[in-house]
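model this:
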Amino acid sequence: MITPWGLVGDDNEISVVTELSSCLETNPVALRMDVLCNQTSCPPGGVGVYNPGYWGMNIEEGQSYRVVFYLRSSGKLGLTASFVSENGTQVLDSQQVTAEAKTVENWTKMEVTLRARTSCTKSRLEFTTSQEGTIWLDQVSAMPNNTYLQGGF
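Numbers count the residues shown, from 1 in each chain. Model prediction:
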């Protein structure tokens, strides 16, 4: 796996690599997820990647968090952005990110707001899907809406 990113699923369902295809010239490396399963063969909740931030993300009940990222996809997009507990069993909040293939064939900036339903001091940010194909992620940022000096995860 690619530190600090971890896998949701196993090697028969997803392959993750880095490649020099970023949307930004200053940091040319992007994460590429090849999803090998589909809606009938993927595990419940799908497959994908997660990032624990530094020592886990302290997500607080009732607080809103802005998640910004760039992506592109080999086809129609159906992705879920979530804050989950450290072991991935408890979903604190999630939001579907969908787009037609034409919209995400090139790098596209996306933004979602997640509002925590409960607190968890060691949370992680997950991106999951049950849609076969390739999704590239780059420049992922999660930031509390109520923050001091724009500090984030």
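
please name the nearest non-neighbouring residue to the residue nearest the centre of the chain.
By C-alpha atoms, centre = their mean, the chain has its centre lying nearest to residue 127, at 2.8 Å. Counting by C-beta to C-beta, 6 or more residues apart in numbering, residue 127 lies nearest to residue 48, which is 4.8 Å off, once chain neighbours are set aside. Bear in mind the C-beta positions are built from the backbone N, C-alpha and C, glycine included.

next up, the contacts around the residue nearest to the centre of the chain.
33, 48-50, 69, 79-82, 135, 137 (C-beta atoms under 8 Å, 6 or more residues apart in numbering).

in the helix or strand hosting it, what's buried?
Element membership for residue 127, per DSSP states H and E: strand 120-129. Neighbour counts over strand 120-129 (16 or more other C-beta atoms under 10 Å) mark 120, 123-129 as buried.

which of these lies closest to residue 28?
Nearest to residue 28 among the buried residues of strand 120-129, counting by C-beta to C-beta, is residue 127 at 20.5 Å.

for the closest one, name its beta-bridge partners.
Taking DSSP bridges as the rule, residue 127 bridges to residue 49, residue 81.

how much space between it and residue 10?
For residue 127, the distance to residue 10 (C-beta to C-beta, to the nearest Å) stands at 17 Å.

how about residue 59?
Residue 59 sits 26 Å away from residue 10, going by C-beta to C-beta.

in terms of neighbours, single out the busier of those two.
Shown here are residue 59 and residue 10; by other C-beta atoms under 10 Å, residue 59 has more neighbours (27 against 11).

contacts only, for the spatially closest residue to the more buried one that is not a sequence neighbour.
Leaving aside its sequence neighbours, residue 59 sits nearest to residue 123 (C-beta to C-beta, 6+ apart; 4.3 Å). For residue 123, the contacting residues are 52, 56-59, 83-86, 92, by C-beta under 8 Å, 6+ apart.

same question, residue 59
By C-beta under 8 Å, 6+ apart, the contact list for residue 59 reads 65, 83, 92, 116, 119-120, 123.

picking up where we left off before, average pLDDT for the strand holding residue 127, rounded please.
Strand 120-129 shows an average pLDDT of 96 in the prediction.

that's all I had, so thanks and see you.
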